[in-house]
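>>> Sequence and predicted structure are below.
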Amino acid sequence: MSMVKRGARTTLVGLVAVAFGVGLTTGATAPAQAAKPPVTRVEPGDLAAGKAPGIAWIRDVTKLVQPKAGRVTDLGRLAPSRLLHVQGGFLATTFHDGDTNRVYFISYAGKRRLVGDFLTTPDVVSADGRWLVLSSDRYATGYTPQQHLRVVRVSDGRTLATRTFPGRSQVMAAGEGRVLVRQSTGVTVSWDVTRRTVRVLSRTRGKGRPATTIAPPGSFGADLFVARSGNHDELRDLRHSRQRLWGTQAGEFVLSFSPDDKRVVTASELQGLNQEAPWEMADTMRVRDARTGKVLRVFHGNLGVNVADAPIWEDASTLLLHAAGEWVPLPDGEGVFATPRLVRCSVTRTSCDIASTTARSGQPVIMQRKSN
């Protein structure tokens, strides 16, 4: 049976474990699939225009729009490349002098102050929005890389703590005075910022070259974290970290938790770097129940997965997807993705539409609800 709604070609089909990964990895509990999840092919060229994003975003490079407050702030020449939600307002990151990231705090009222200049882009904010984590490469001896983490207080830019971790470690989440870090050795640890201690949460397979550079997330609201094991992810409880709740199929990786911490969105069939694409892409994304792993929704298309282009939760049941559309061949043998757009898709319904603010001339910067 097929259903077409607002141009989104949605097909309700039976999902088998091999084709769509409903079955989970060996050793995890397989959830009962009471209803078959809807599957949608996201093609921006087939979709109608919808409303503007319902969360804060930057329009036309210079305007900070706060839809719920009905407020628009002129940012002048700031031109932020990232927008993170923190306590009392937002963190806006802009490039400065070529190799420096200048970070500003912008209050809900539109007042602006400088937090600091950093060599790296702040991607992770604590769950309470009071501090951020910066990560930079450091080479101790020869060409052996290390990851240097720095915790900075948003209110005054003061450094609260620093620590160096081995290899290409990734920051997963921050909150409750802790930072979750996945080390390149496959070990996931919890760094207590105030006590200056580190506790091992899990040791998984997958040493050496990682299957993906996507950082696995964690959630202090759900007391869950993702342990990456080779080419798949495992959901574990922060309080009982040795217990696996469920695992993804091979080649499927968790991107983020929903604002209410009840769902996760995953990506699979990663395409890797494509010079002709507007962003790094995956062919398939799934929305799963965070506790059971049950598949609730499936999206297919050329969908962004990188930090700035990954799915953004507009609310607990709606995703904003960076969809590139179909690849169109040109007479000279090259090709283009003709209709890259920001697409809004419901998790609970079969509807998708274009976030009407997205145009060919530029990509809007949307506020990240989940900093990881």
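Done, it's in.

>>> Can you give me the buried ones in stretch 177-194?
177-184, 186-191, 193 (16 or more other C-beta atoms under 10 Å). C-beta: built from backbone N, CA, C; applies to glycine.

>>> Nearest to Glu43, out of those: which one, please.
Nearest to Glu43, judged by C-beta to C-beta, of these is Arg182 at 34.4 Å.

>>> Show me the strands in the stretch 1-150 of the chain, by range?
Along the stretch 1-150 of the chain, counting by DSSP state E, counting those that start in this stretch, strands occupy 2-5, 8-11, 39-41, 57-59, 63-66, 71-74, 82-86, 89-96, 100-107, 112-118, 124-125, 131-139, 145-153.

>>> Please produce a markdown table containing the ones you listed, extended by mean neighbour count.
Output for these, formatted as a markdown table (neighbours: other C-beta atoms under 10 Å):
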| stretch | mean neighbour count |
| --- | --- |
| strand 2-5 | 12 |
| strand 8-11 | 19 |
| strand 39-41 | 20 |
| strand 57-59 | 21 |
| strand 63-66 | 19 |
| strand 71-74 | 14 |
| strand 82-86 | 21 |
| strand 89-96 | 20 |
| strand 100-107 | 18 |
| strand 112-118 | 16 |
| strand 124-125 | 26 |
| strand 131-139 | 18 |
| strand 145-153 | 18 |
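
>>> Which of the ones you listed has the lowest mean pLDDT?
If you rank the strands of the stretch 1-150 of the chain by mean pLDDT, strand 2-5 sits at the bottom with a mean of 37.

>>> So which residues lie in contact with stretch 112-126, not counting its own?
Residues from elsewhere that reach stretch 112-126, judged by C-beta atoms under 8 Å, 6 or more residues apart in numbering: 78, 81-82, 84-86, 91, 93, 96, 99-106, 131-136, 152, 154, 157, 171-175, 179, 307, 371-372.

>>> any idea how far it is from the chain center?
Centroid separation for stretch 112-126 versus its chain: 18 Å, with C-alpha atoms, centre = their mean, to the nearest Å.

>>> Who's the closest spatial neighbour of Val287, skipping the chain neighbours?
Arg297 (4.1 Å; C-beta to C-beta, 6 or more residues apart in numbering).

>>> Please identify the helix or strand for that neighbour.
strand 295-304 (DSSP states H and E).

>>> that older thread, to Gly218, which of the strands of the stretch 1-150 of the chain lies closest?
Per C-beta to C-beta, nearest to Gly218 of these: strand 124-125, 10.0 Å.

>>> strands paired with that closest one, and their directions?
Within its sheet, strand 124-125 is paired with strand 131-139 (antiparallel), according to DSSP bridges.

>>> what sits up against whatever helix or strand Leu180 lives in?
Take DSSP H and E as the rule and Leu180 turns out to sit in strand 178-182. Taking contacts as C-beta under 8 Å, 6+ apart, the residues outside strand 178-182 that touch it are 124, 133, 147, 149, 151, 165, 169-174, 188-193, 201, 215-216, 218, 220, 225, 227-228.

>>> what do you get if the cut-off is 7 Å, keeping everything else the same?
By C-beta atoms under 7 Å, 6 or more residues apart in numbering, the residues outside strand 178-182 that reach it are 133, 149, 165, 169-173, 188-193, 216, 218, 225, 228.

>>> In the sheet, which strands lie alongside that strand, parallel or antiparallel?
When DSSP bridges is applied, strand 178-182 pairs with strand 170-175 (antiparallel), strand 187-192 (antiparallel).

>>> Now mean pLDDT too, for these, in CSV please.
Putting those into CSV (pLDDT from 0 to 100) gives the following:
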stretch, mean pLDDT
strand 170-175, 91
strand 187-192, 94
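
>>> Same list (those strands) but as CSV, adding distance to Gly50.
Shown next, in CSV, are those (distance: least, C-beta to C-beta, whole Å):
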stretch, distance to Gly50
strand 170-175, 31
strand 187-192, 38
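
>>> Quick one: closest of the ones you listed to Val72.
Comparing the strands paired with strand 178-182 under C-beta to C-beta, the one sitting nearest is strand 170-175, at 30.2 Å.

>>> check contacts around Asp137.
145, 147.

>>> ok, back up a step: what's the closest of the strands of the stretch 1-150 of the chain to Ala267?
Closest among those, once you apply C-beta to C-beta, is strand 39-41, at 15.1 Å.

>>> how many other residues sit next to the closest residue in space to Gly76 that isn't next to it in sequence?
Take Gly76 and drop its neighbours on the chain: the residue closest to it by C-beta to C-beta, 6+ apart is Thr62, 6.7 Å away. By other C-beta atoms under 10 Å, the residues close to Thr62 number 14.

>>> For Thr62, give its distance to Val72.
Remark: distance between Thr62 and Val72 (C-beta to C-beta, to the nearest Å) = 10 Å.

>>> Looking at the strands paired with strand 178-182, which is nearest to Arg291?
strand 170-175 (16.9 Å).

>>> which residues touch the closest one?
124-128, 133, 135, 149, 179-182, 215-220, 225, 372.

>>> Pull out the buried residues from that strand.
170-175.

>>> Stretch 218-238 now?
In stretch 218-238, counting by 16+ other C-beta under 10 Å, buried: 218-222, 224-229, 231-238.

>>> What is the least confident helix or strand in the chain?
helix 17-20 (a mean of 35; mean pLDDT, DSSP states H and E).

>>> Many thanks, have a good one.
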